[in-house]
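Asks: need the 3D shape of this:
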Amino acid sequence: MTAREMERIVLVQHCNGAPVPADFRIERQPIPPLEDGQFLIRNRFVSCDPGTRSRLSPGASYARPVMPGEPVDGFCVGTVIDSRSQRFPVGQLVTATGWASHVVSSGKGYALPLPVLDVPESLWLGVMGVPGMTAWFALKRVAELKPGARVLITSAAGPVGTTAGQLAKRWGASYVVGVAGGAEKCRWLKEVAGFDEALDYKAADFEAAFVAAAGPGYDVMLDNVGNAMIDRALPHMKLFGRVVLSGATADYVASAPPGLVNTRELIAKRLRMEGILVFDDLPGFAAAQAEMAALIKDGLVYREEIFDGLHNLPEAFCGLFSGASFGRRLVRI
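Replies: Presented below is the predicted three-dimensional model:
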């Protein structure tokens, strides 16, 4: 690859069920000349996000589907190396979108100059970025978390869940339960991340353990799994509880996602169920990120899995749907 070339990941075919590496290819092309207002980012890290899967098949999502032959636009962080934009000068650290070695942007859409907060660059795609901000605003704005709340978090070993559980405890939750896949993840959630309880959905006694852990019920549920897990939890919500939906990892790859059966619980307990797309909260990112950086210095923990090379990105992404990932999965360019 020459100095004026870039590599990017392109969708070969729409995914059918769980994605496989053959659904993607790496493509090399010239870097186009910059127009007025544009800037060129040299990416340092690119993220693997389960939510990307919702756009890799035809149908409704929060944004239009990626079509075969088009580049995939997952989140990235890098440095501006050429610019015709006053807002994004050369040397500025930026987070944007693009599964690529380089990104040309006009600053529209999701492209943010990042402040100097003395945190590792990779964290701007994790606890300081969209996953961390999703956890932050899901609990603060949507759930309106109150001191003493009992909280259930699914996909708890992922970056959203891990962050949310720790924030809930720091903000006064009395009891935080996480659901994750595997004994190792559950041990880490309790012993390192400080969850009160962690339930292994792969264990033979999961259903009994789930009922036992619920106790008097939950005030807040933050779900990243999908309808089957929500339906399981609805009977265990407390009066006026809040169910926040930020992802549906299991349903993204299901040929026929299950429906909800226990909807009478919504009526009887006057529950509120609401989804979150954290881009609605962009105006609040800067203040939340400054506070998050302070919490990291104060001991808030995180996990990262870092792969090297853009060519490894499809395999790293596909591993999200096999249960192989543990923490924030990134590719270093």
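
Asks: okay, CA-based contacts and neighbour counts for the rest of this
Replies: Noted.

Asks: ok, which stretches of the stretch 151-300 of the chain are helices?
Replies: In the stretch 151-300 of the chain, the segments counted as helices under DSSP state H, counting those that start in this stretch are 159-170, 183-191, 206-214, 227-233, 249-252, 264-268, 285-297.

Asks: CA atoms of the helix or strand of the chain with the lowest mean pLDDT as CSV?
Replies: Taking mean pLDDT, DSSP states H and E as the measure, the helices and strands of the chain show their lowest mean at helix 249-252, namely a mean of 87. Taking C-alpha atoms only, helix 249-252 is exported to CSV below (Å, rounded to 0.1, in the frame of the first residue of the first chain):
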residue,chain,number,x,y,z
THR,A,249,-27.3,-9.6,20.0
ALA,A,250,-29.2,-12.9,19.9
ASP,A,251,-32.0,-11.5,17.7
TYR,A,252,-29.7,-10.0,15.1
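
Asks: list the contacts of residue 178.
Replies: Shown in contact with residue 178 (C-alpha atoms under 8 Å, 6 or more residues apart in numbering): 152-157, 161, 165, 186, 189, 195, 197-199.

Asks: just the residues you listed now: which is nearest residue 233?
Replies: Nearest to residue 233 among the contacts of residue 178, counting by C-alpha to C-alpha, is residue 152 at 8.6 Å.

Asks: just grab the bridge partners of the closest one for me.
Replies: residue 177, residue 221 (DSSP bridges).

Asks: how deep is it tucked in, by neighbour count?
Replies: Neighbour count for residue 152, taken as other C-alpha atoms under 10 Å: 29.

Asks: now swap in residue 208 and tell me
Replies: Residue 208 has 9 neighbours, counted by other C-alpha under 10 Å.

Asks: what about the residue nearest to the spatial centre of the chain, which SS state?
Replies: With distances taken as C-alpha atoms, centre = their mean, residue 131 lies nearest the centre of the chain, 4.0 Å away. With DSSP: H, G, I helix; E, B strand; the rest coil as the basis, the three-state label of residue 131 is helix.

Asks: now it, nearest residue through space, not along the chain?
Replies: Excluding the flanking residues, the one nearest residue 131 by C-alpha to C-alpha, 6 or more residues apart in numbering is residue 160, at 4.8 Å.

Asks: same question for residue 104.
Replies: Of all residues not flanking residue 104 in the chain, residue 40 sits nearest, at 4.6 Å (C-alpha to C-alpha, 6+ apart).

Asks: what's the answer for residue 292, then?
Replies: With C-alpha to C-alpha, 6+ apart as the criterion, residue 292 has its nearest non-adjacent residue at 6.7 Å, and that residue is residue 128.

Asks: settle this for me: residue 112 is touching residue 95, isn't it.
Replies: Yes. At 5.4 Å, residue 112 counts as touching residue 95 under the criterion of C-alpha atoms under 8 Å.

Asks: so those two - more neighbours on which side?
Replies: Taking neighbours as other C-alpha under 10 Å, residue 112 and residue 95 compare with residue 95 leading, 24 against 17.

Asks: for the stretch 101-250 of the chain, give me the ranges with low pLDDT.
Replies: Scanning the stretch 101-250 of the chain for pLDDT under 70 picks out no residues.

Asks: quick one, which of the helices of the stretch 151-300 of the chain is packed in tightest?
Replies: Comparing the helices of the stretch 151-300 of the chain by mean neighbour count (mean count of other C-alpha atoms under 10 Å), helix 159-170 comes out on top with a mean of 25.

Asks: what angle separates it from helix 183-191?
Replies: Relative orientation of helix 159-170 and helix 183-191, computed by axes from the mean of the first three to the mean of the last three C-alpha atoms, to 10 degrees: 30 degrees.

Asks: now do helix 159-170: which elements does it pack against?
Replies: Counting contacts by 3 or more C-alpha pairs under 8 Å, 6 or more residues apart in numbering; DSSP states H and E, helix 159-170 is packed against helix 130-137, strand 150-153, strand 175-180.

Asks: now what about that helix, what contacts it?
Replies: Residues from elsewhere that reach helix 159-170, judged by C-alpha under 8 Å, 6+ apart: 126-127, 131-132, 134-136, 139, 145, 151, 153-156, 175-178, 189, 193-195, 222, 224, 300-303, 327-328.

Asks: list the contacts for the nearest residue in space to residue 95 that is not next to it in sequence?
Replies: Distance criterion C-alpha to C-alpha, 6+ apart; nearest residue to residue 95, sequence neighbours excluded, is residue 77 at 4.3 Å. Residues near residue 77 by C-alpha under 8 Å, 6+ apart: 43-46, 93-96, 121-122, 124-125.

Asks: switch the residues you listed over to JSON lines; also include distance to residue 63.
Replies: Below are the contacts of residue 77 laid out as JSON lines (distance: C-alpha to C-alpha, whole Å):
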{"residue": "43", "distance to residue 63": "23"}
{"residue": "44", "distance to residue 63": "25"}
{"residue": "45", "distance to residue 63": "23"}
{"residue": "46", "distance to residue 63": "19"}
{"residue": "93", "distance to residue 63": "26"}
{"residue": "94", "distance to residue 63": "22"}
{"residue": "95", "distance to residue 63": "19"}
{"residue": "96", "distance to residue 63": "16"}
{"residue": "121", "distance to residue 63": "27"}
{"residue": "122", "distance to residue 63": "25"}
{"residue": "124", "distance to residue 63": "22"}
{"residue": "125", "distance to residue 63": "20"}
